[in-house]
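>>> A structural model of the following input is requested.
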Amino acid sequence: MPKSRAKTEPAVSATVKIPGNLTLASPMLNRSIQATAVLAFFVCANICFAQENVWRSWRGPSGKGIAENQTPVTTWSETENVLWKIAIPGRGHSSPIVHENLIFLTTSDVKAQTQSVICVDRDKHEIAWQKVVNEGNFNPKIYPTNTHASPTMACDGKRVYAMFNNNNQNQVTALDLEGNILWQTYVAKYVTQYPFGSGSSPILHNGLLYVPNEANRECAIIVLNPENGEEVKRIERGAFSSYSTPVVANVAGKDQLLISGGSRVSSYDPESGKELWKVPTKWQVSCGTMVWEDNMVYASGGFPAQQTLAINADSGELVWQNGVKFYEQSMLVHDGRLYGLSESGVVFCWDAKTGSEHFKQRFQKGESASPVLAGGNIYFTAQNGATLVIKAGTDKYEEVARNNLGNVAYASFALVDNLIYTRVGKRKGKNNVSEFLYCLGSE
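Now for the predicted structure:
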């Protein structure tokens with residue numbers, strides 16, 4: 001398949017170094033440099049603070065679905081705490097990502113056979129642009145509830161990256177923030193054991209784009225240069241089908257690229273691609289992204305067997321396990337507690353170190369969105385649009401609120417500036433679903 005590419009000039013940055021043994025004779029010059037240093041400190045501090053208020057990839061800046069410094073609303077309905085909503089054309093399960101005043105998501109139109117990237121201006125509350133990146137070559141069969149636009153995008157502040165399953169291959173498209181296609185490439189064949197379509201999302205780490213391709217023929221994580229789409233390396237995974245998104249975690253004193261699937265949980269060095277450790281699992285297929293805290297990592301899967309595991313990330317040893325299944329959705333770990341909304345519709349909370357159960361509470365069966373934590377609360381969303389909000393940091397179940405919005409919800413929340421951005425559908429009849437992007441918050 002031919003590749004079309006367009007390179008952009010790298011950003012130019014200047015670095016000024018002052019030797020440590022330099023003696024300045026002028027007090028005024030000293031004061032000037034001190035003032036400049038103070039100003040630089042506050043600029044850097046503001047930039048760092050601002051970085052906490054972006055949501056530029058799957059599961060946000062932390063990769064764990066956590067925005068501790070934000071305090072979004074906990075109650076809403078069609079008439080309460082909806083600041084605005086706009087119609088999103090087509091269908092997609094990709095979660096919104098946010099960079100400054102722009103929101104990005106993907107969509108597909110089965111009738112027109114198009115796959116597109118959409119940019120929403122969150123100040124004007126309208127679609128700023130929509131770019132068709134593929135026409136035709138849709139997979140003839142996918143899972144009935146899946147879409148042709150399910151992977152979540154990634155953004156590095158200069159470009160956005162969208163992955164689509166098209167022509168039995170995984171394709172990555174890079175666009176600038178104005179919607180111009182910079183490059184587009186098919187990274188690998190995507191022919192799976194199960195004709196379900198795709199759902200794994202690309203992620204960015206240390207200036208590189210990591211693209212999961214958990215498919216039988218070319219099962220690997222393909223690492224691309226985000227400036228031109230050229231392949232840098234491949235982390236070979238074996239020969240199996242799975243649907244998890246990888247994550248890079250700084251755990252057990254080093255960066256580890258974590259991913260589950262293929263009857264194992266695996267850790268790789270993200271720079272070299274070397275396998276650090278692997279732990280066998282009872283299941284072959286998983287969909288959720290792994291989570292971590294301290295020196296522990298957690299994974300769950302559900303086909304053909306149900307199992308949740310806790311692993312020592314330093315030694316790669318299994319610490320505890322149970323028979324609960326978190327399949328499409330990811331879990332959440334915080335403050336020594338592991339949370340999840342199980343396949344059976346039950347919210348669980350365990351001691352993250354020992355696996356002992358703190359509580360469980362039935363909510364809703366049918367879940368795909370992954371939980372998020374903000375303002376001391378955890379938000380769980382079911383496929384029917386219901387969201388349960390519970391108190392975090394307690395060993396007892398404390399319900400904060402139950403909310404409903406639409407009746408089709410597969411995407412996860414994006415949390416920015418104390419606002420919730422969520423993609424929700426409204427079904428009328430069997431195959432007629434209208435999708436909307438909501439901004440939830442208080443006036």
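>>> how long is stretch 241-256 end to end?
22 Å (CA to CA, to the nearest Å).
>>> separation between the residue positioned nearest the centre of the chain and residue 257?
Central residue of the chain (CA atoms, centre = their mean): residue 58, 1.2 Å from the mean position. Between residue 58 and residue 257 the computed distance is 14 Å (CB to CB, to the nearest Å). Every residue, glycine included, has its C-beta placed from N, CA and C.
>>> same check, this time on residue 420
Taking CB to CB, one finds residue 420 at 29 Å from residue 257.
>>> next: residue 226.
Distance, residue 226 to residue 257, by CB to CB: 17 Å.
>>> what about the two, which has more around it?
More crowded of residue 226 and residue 257, by other CB atoms under 10 Å: residue 257, with 24 against 21.
>>> and the residue lying closest to residue 106 once chain neighbours are set aside, its phi and psi?
Nearest non-adjacent residue to residue 106, counting by CB to CB, 6 or more residues apart in numbering: residue 149, 4.1 Å away. Dihedral pair for residue 149: phi -150, psi 60, per degrees, to the nearest 10.
>>> stretch 80-96: how far from the chain's middle?
Remark: stretch 80-96 is offset 17 Å from the chain centroid, using CA atoms, centre = their mean, to the nearest Å.
>>> cool, and stretch 253-273?
17 Å.
>>> list the buried ones in it?
Neighbour-count burial for stretch 253-273, counted by 16 or more other CB atoms under 10 Å, picks out 256-268, 270, 273.
>>> what sits against the residue nearest to the centre of the chain?
95, 97, 152, 154, 201, 203, 245, 289, 412 (CB atoms under 8 Å, 6 or more residues apart in numbering).
>>> of the residues you listed, which belong to strands?
The members of the contacts of residue 58 that map onto strands under DSSP state E are 97, 154, 203.
>>> give the bridge partners for the last one, please.
The one in question is residue 203. Following DSSP bridges, residue 203 is listed with bridge partners residue 210.
>>> next, count neighbours for it.
25.
>>> then the second one?
Summarising burial for residue 154: neighbours were counted as other CB under 10 Å, giving 25.
>>> that one contacts residue 94, doesn't it?
No. Residue 154 is beyond contact range of residue 94, at 10.8 Å (criterion: CB atoms under 8 Å).
>>> quick one: residue 227 from residue 133, how far?
18 Å.
>>> mean pLDDT per helix and strand in this protein: which one sits at the bottom?
Across the helices and strands of the chain, mean confidence by mean pLDDT, DSSP states H and E is lowest for strand 4-5: a mean of 36.
>>> run through the bridge partners of residue 115.
Here residue 115 sits in beta bridges with residue 108, residue 134, going by DSSP bridges.
>>> could you measure from it over to residue 173?
From residue 115 to residue 173 the distance is 9 Å (CB to CB).
>>> the two: which is more packed in?
residue 115 (27 against 24).
>>> how far away is residue 218 from residue 241?
Taking CB to CB, one finds residue 218 at 11 Å from residue 241.
>>> I misspoke; the intended subject was residue 172.
Noted for residue 172: a distance of 19 Å to residue 241, by CB to CB.
>>> okay, the two: which has more neighbours?
Neighbours around residue 172 and residue 241, counted as other CB under 10 Å, are more numerous at residue 172. The numbers are 23 against 20.
>>> I'd say that one and residue 185 touch.
Yes. The criterion here is CB under 8 Å, and residue 172 meets it with residue 185 at 5.9 Å.
>>> any shared contact partners between the two?
Common contacts of residue 172 and residue 185, defined by CB under 8 Å, 6+ apart, comprise 224, 229.
>>> wait, doesn't residue 94 sit right on residue 160?
No. Using CB under 8 Å as the test, residue 94 is too far from residue 160 to be in contact (11.5 Å).
>>> shared neighbours of those two, which are they?
Here residue 94 and residue 160 share the contacting residues residue 153, scored by CB under 8 Å, 6+ apart.
>>> more neighbours: which of those two?
Regarding residue 94 and residue 160, a neighbour count based on other CB under 10 Å identifies residue 94 as having more, with 28 against 25.
>>> contacts only, for the more buried one.
Counting by CB under 8 Å, 6+ apart, residue 94 touches 105-107, 149-153, 201, 411, 423.
>>> am I right that residue 242 falls within a strand?
No. Judged by DSSP: H, G, I helix; E, B strand; the rest coil, residue 242 forms no part of a strand; its state is coil.
>>> burial of it, as a residue count?
Other residues lying near residue 242 total 26 when counted by other CB under 10 Å.
>>> how far away is it from residue 266?
11 Å.
>>> mutual contacts of these two, please.
residue 260.
>>> so what touches stretch 345-365?
Identification of contacts with stretch 345-365 by CB under 8 Å, 6+ apart yields 293, 296, 298, 310, 319-322, 324, 333, 336-344, 366-367, 380, 382-384, 386, 388, 390, 395-397, 399.
>>> quick one: the residue nearest to residue 331 when sequence neighbours are not counted from residue 284, how far?
Distances taken as CB to CB, 6+ apart place residue 340 nearest to residue 331, at 4.0 Å, with adjacent residues excluded. Residue 340 sits 20 Å away from residue 284, going by CB to CB.
>>> count of residues packed around residue 71?
Residue 71: 14 neighbours (other CB under 10 Å).
>>> which residues sit in contact with it?
Residue 71 sits next to 374-375, 418 when contact means CB under 8 Å, 6+ apart.
>>> which residues of the stretch 1-150 of the chain fall in helices?
Here the stretch 1-150 of the chain has its helices, by DSSP state H, counting those that start in this stretch, at 27-51.
>>> where does the prediction get shaky in it?
Scanning the stretch 1-150 of the chain for pLDDT under 70 picks out 1-53.
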